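Student: predicted model and sequence below, questions to follow.
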Amino acid sequence: MAAGISLYFLMASIGYASALGLLSMGLSLTFVTTKVANFAHGTIAMIGGITTLFLIDRYMYNVKGLPLFVTSALAGFIIAGVTAVVLYLVILKPLADRGSDVIGLMIATFAIDIMLQSILSMILNLAHGKHFPKLFGASVQSWDVTLNCCGTQIAESHVFLPVAAIILTILFHLFLTKTKFGIAMRATIENPDLAEVMGVNTKAVYTISWFISGALAGLAGALLVFSLKDTSPNNSNLIIVSIFAGSILGGLGNVYWGLIGGFLIGLAEKLGTQLLNLFYNNYLAPSLHLPPFSFVNYEKLMSLGLVIIVLLTAPQGLAGIDWGGLLSRMGLKTARSRKPEREV
C-alpha cells in the first residue's frame, strides 16, 4: 500500500468505485435496450439516498450497521426501480411512439432530471423531520459502522457496497443467461425487430430493463449516501458526469464493461487523485521548488482524462479492444485471438 494512503481510504475508494460501477452498468443497460442516454440516472440514484434518510428519520433512527444497510438497499432498489419505470412509460415511451429521435429523448431526460431534482427538493424542504431538524441537507454519515481490520478502522458500508456489487452482477448474469426472459432480453438487444417477429414481448423487455437500471441506481444511492456530507438531490450533479464517464469508458453499448468502466472511473477519482496528490507534494514540488497544492477537488480531471486517453487508443471503449490479441502480443496468451463479439 502506498505511503500516506490508509486502509480506510482504500476501502472508501473501492466502495465508491463499486457504486459507480453499478450506476454505469444500469445506464448502459437502458442505452443498449432503448437507445436512451438517461441524464436523470444520477437523480434516480439519489432517490435511493433520500429513501435511506426517510427510513432513518421515521423508523430506524436507533438502528445501525447491516440491518440498516440491507433495509435501505432493498427499499431504494424497489422505489427507484418503480420510479424509473414510471418515467419511461409516462414520458419517454410516448415520446418515442410519437417519433421523437434519440436527441429528443436525450433532451427529455435533461428535463426529467430538472423536474425530479425540484420535486425531491420540495419534498425534503416541506416534510417535517421526526428526528432531524431539517431533512434537506441532513447527513447520515454517523449511521455508518466502523469495523476493526488489522488494527485499522474501516466503514462497514465500504465493505457492503463491493459485496453487493459482486452479488448483483452474478445475479444479473444468471438472469440474462439462465432465464427465458433474460434470453429474450439478450435477443431484443441484439436484434429487436427479429426478436419481435419471433414472439418476444419487446415492450416488456424495455420496461424491465428500465426497472433494473433504476433499481441498481437506487441501491447504489441508498448505500453511497453514507459517504456523502449531506443528503441532497443536487448531489446527482456531482455523480452524473462520473456515471457517463464510466459507461463511455466501458463502451456504452456493453453492460458488463460499463460495470468495469464505472469501477475504474471511481478508483481514478478517489485513489488516483490521492496518489497524484502524494506524488506532487512529496516528490515533485520539493524537487522543483513548487508550492504545495491539493488535487483533491479535481477528481473529474482524473476520470475524464482517463476516458480521453482510452478513447484516443480505443474509440469503442474497453469493450472494443481485442483483448485476446493484446495478450498474445504481450506473450500472455498463445491461443489464436479473435475479433471481439458484441456482448450484452
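Tutor: Cool, the structure landed.
Student: every contact and neighbour count from this point should use C-alpha atoms.
Tutor: Fine.
Student: which stretches of the protein form strands?
Tutor: For the chain, the strands defined by DSSP state E occupy 146-149, 152-155.
Student: now distance to Val70, mean neighbour count and mean pLDDT too, for those, in a markdown table please.
Tutor: As requested, these are arranged in a markdown table below (distance: least, C-alpha to C-alpha, whole Å; neighbours: other C-alpha atoms under 10 Å; pLDDT from 0 to 100):
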| stretch | distance to Val70 | mean neighbour count | mean pLDDT |
| --- | --- | --- | --- |
| strand 146-149 | 16 | 13 | 83 |
| strand 152-155 | 15 | 17 | 86 |
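Student: ok, which of those strands comes nearest Val163?
Tutor: Across the strands of the chain, Val163 has its closest neighbour in strand 152-155 (13.4 Å, C-alpha to C-alpha).
Student: list of residues touching that closest one?
Tutor: Residues outside strand 152-155 that contact it (C-alpha atoms under 8 Å, 6 or more residues apart in numbering) are 7-8, 11-12, 144-148.
Student: circling back: can I get the strands of the chain in TSV with distance to Leu249?
Tutor: Formatted as TSV, those follow (distance: least, C-alpha to C-alpha, whole Å):
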stretch	distance to Leu249
strand 146-149	33
strand 152-155	28
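Student: of all those strands, which lies closest to Phe39?
Tutor: Closest approach to Phe39 among these is made by strand 152-155 (30.2 Å; C-alpha to C-alpha).
Student: just checking: what are the partner strands of that closest one?
Tutor: strand 146-149 (antiparallel) (DSSP bridges).
Student: neighbouring contacts of the partner strand?
Tutor: Residues contacting strand 146-149 (C-alpha under 8 Å, 6+ apart): 153-156.
Student: tell me where the model's unsure across the stretch 201-344 of the chain.
Tutor: The model of the stretch 201-344 of the chain has pLDDT under 70 over residues 332-344.
Student: can we see that at 90?
Tutor: Along the stretch 201-344 of the chain, the model assigns pLDDT under 90 to residues 237-238, 251-254, 288-289, 294-307, 309-344.
Student: okay, helices next: where are they in it?
Tutor: In the stretch 201-344 of the chain, the helices defined using DSSP state H, counting those that start in this stretch lie at 202-224, 236-250, 255-267, 273-279, 285-288, 299-313, 323-329.
Student: can you tell me which of those helices is packed in deepest?
Tutor: The highest average neighbour count among these, using mean count of other C-alpha atoms under 10 Å, belongs to helix 255-267 at a mean of 28.
Student: from Ser13, how far out is the closest residue to Phe293 other than its chain neighbours?
Tutor: Nearest non-adjacent residue to Phe293, counting by C-alpha to C-alpha, 6 or more residues apart in numbering: Asn281, 6.8 Å away. Separation of Asn281 from Ser13 (C-alpha to C-alpha, to the nearest Å) stands at 21 Å.
Student: which residues touch Ile47?
Tutor: Taking C-alpha under 8 Å, 6+ apart as the test, what Ile47 contacts is 76, 79-80, 120, 218, 221-222, 233.
Student: what does Leu7 give?
Tutor: Applying C-alpha under 8 Å, 6+ apart, the residues near Leu7 are 152-154.
Student: nothing else from me, thank you.
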